[in-house]
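Colleague: pasted the sequence and its predicted model underneath.
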Amino acid sequence: MSVSSDRQVMLVALGGAVAISFSPVIYVYSDTNPATGAFFRMLYALPALILLAYIARRDDSRSTRTRWMAFGAGAILAPDMLSYHSSMIFIGIGIATLLGNSQVIIVTLASWRLFGERPNPAILFSLPVVLAGLALISGVSDSDPFGADPIKGVIFGMGAAFFYSSFLIVFRHSNRELAPAANVQLDATAGAALGLLLLGLLPLQSASIDPIDLQPTWPGHAWLVVLALLCQVGGWTAIAYALPRLPAAHTSFAILLQPVLTLIWGVFLLDESPSTNQTVGIFLVLAAIIAVTIFGSAASSQKISQKA
């Protein structure tokens with residue numbers, strides 16, 4: 001890919017990241033429980049994605065196996081979305097989004113464990129930094145931390161990070177043929193919708209997860225329609241387009257823009273105000289994520305040059 005084309009794809013990825021950075025804000029405005037919000041954002045996105053996929057159907061040369069892989073990626077996204085939306089309820093949108101995007105660290109460790117890709121020593125150094133940041137964010141050192149239940153928020157947030165990293169790995173490999181992004185996104189969204197429906201019908205109240213409310217309410221569901229079209233269709237289709245066309249490090253950097261912006265939206269649009277210790281924890285986790293992204297990029301570039 002030429003430098004010019006690479007920059008254009010990077011701009012698409014950044015645009016998608018900006019769009020999805022607003023998804024937590026819109027979700028809060030919907031005033032729905034996590035299972036309901038996560039499920040309907042997928043369901044309401046399907047008609048638009050079906051239309052876009054139909055328009056681009058002649059350019060979709062993927063095999064049935066590859067399409068099922070995209071559907072499977074969506075199924076993995078289901079517990080991520082449920083965990084992510086639950087984390088927002090307990091600890092706020094900014095911190096929840098930051099925790100979910102710590103997936104770059106999990107991907108690096110998974111690559112080391114599964115593929116023998118030994119990470120840069122600085123990446124290993126970032127792990128205790130993340131743990132210290134998580135401890136501060138959880139509010140264990142605060143008498144009155146921000147959030148309804150910060151400890152639960154951290155647990156759900158790290159669960160979201162685990163499933164998000166798994167989703168990104170599978171989703172990236174589900175479009176090696178570079179099929180139209182909307183078609184890939186349709187398969188993944190359908191998988192996520194089915195997965196969320198099944199999860200939402202399970203008796204998970206003991207895990208602080210209320211069941212799906214299938215009765216539409218307004219204006220809450222109007223916000224979910226906006227969320228579906230802006231973020232699930234627009235933002236994630238842009239990211240689906242960019243994922244297989246950019247190096248993994250570039251994609252991680254683009255997606256990293258989302259938690260930074262969401263932290264800003266949380267403060268200025270929703271008046272979120274983490275405590276001093278939690279703010280320190282936020283910066284520690286963010287610094288660790290940035291370090292992993294930068295050093296991971298350097299390591300990847302070096303490995304590519306050695307192979308060439």
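Modeller: Received it, and whenever you're ready, just let me know what you need.

Colleague: which parts of this structure are helices?
Modeller: Along the chain, counting by DSSP state H, helices occupy 3-21, 23-30, 34-43, 46-55, 64-91, 93-100, 103-115, 121-137, 150-173, 181-201, 220-227, 236-242, 248-269, 276-307.

Colleague: can you say which of the ones you listed is nearest to D213?
Modeller: Proximity to D213 (Cβ to Cβ) singles out helix 34-43 among the helices of the chain, at 4.7 Å. No exception for glycine: its C-beta is placed from N, CA and C like everyone else's.

Colleague: and the closest one, C-alpha only, in PDB?
Modeller: What follows is helix 34-43, C-alpha atoms only, in PDB (Å, rounded to 0.1, in the frame of the first residue of the first chain):
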ATOM      1  CA  PRO A  34     -26.500  -2.800  30.000                       C
ATOM      2  CA  ALA A  35     -28.100  -5.900  28.400                       C
ATOM      3  CA  THR A  36     -30.900  -3.900  26.800                       C
ATOM      4  CA  GLY A  37     -28.600  -1.100  25.500                       C
ATOM      5  CA  ALA A  38     -26.000  -3.500  24.100                       C
ATOM      6  CA  PHE A  39     -28.500  -5.700  22.400                       C
ATOM      7  CA  PHE A  40     -30.600  -3.000  20.700                       C
ATOM      8  CA  ARG A  41     -27.600  -1.100  19.400                       C
ATOM      9  CA  MET A  42     -26.800  -4.200  17.400                       C
ATOM     10  CA  LEU A  43     -30.400  -5.000  16.400                       C
END
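
Colleague: nearest to I212, of the helices of the chain?
Modeller: Of the helices of the chain, nearest to I212 by Cβ to Cβ is helix 181-201, at 3.3 Å.

Colleague: angle of the closest one against helix 3-21?
Modeller: Here the directions of helix 181-201 and helix 3-21 differ by 30 degrees (axes from the mean of the first three to the mean of the last three Cα atoms, to 10 degrees).
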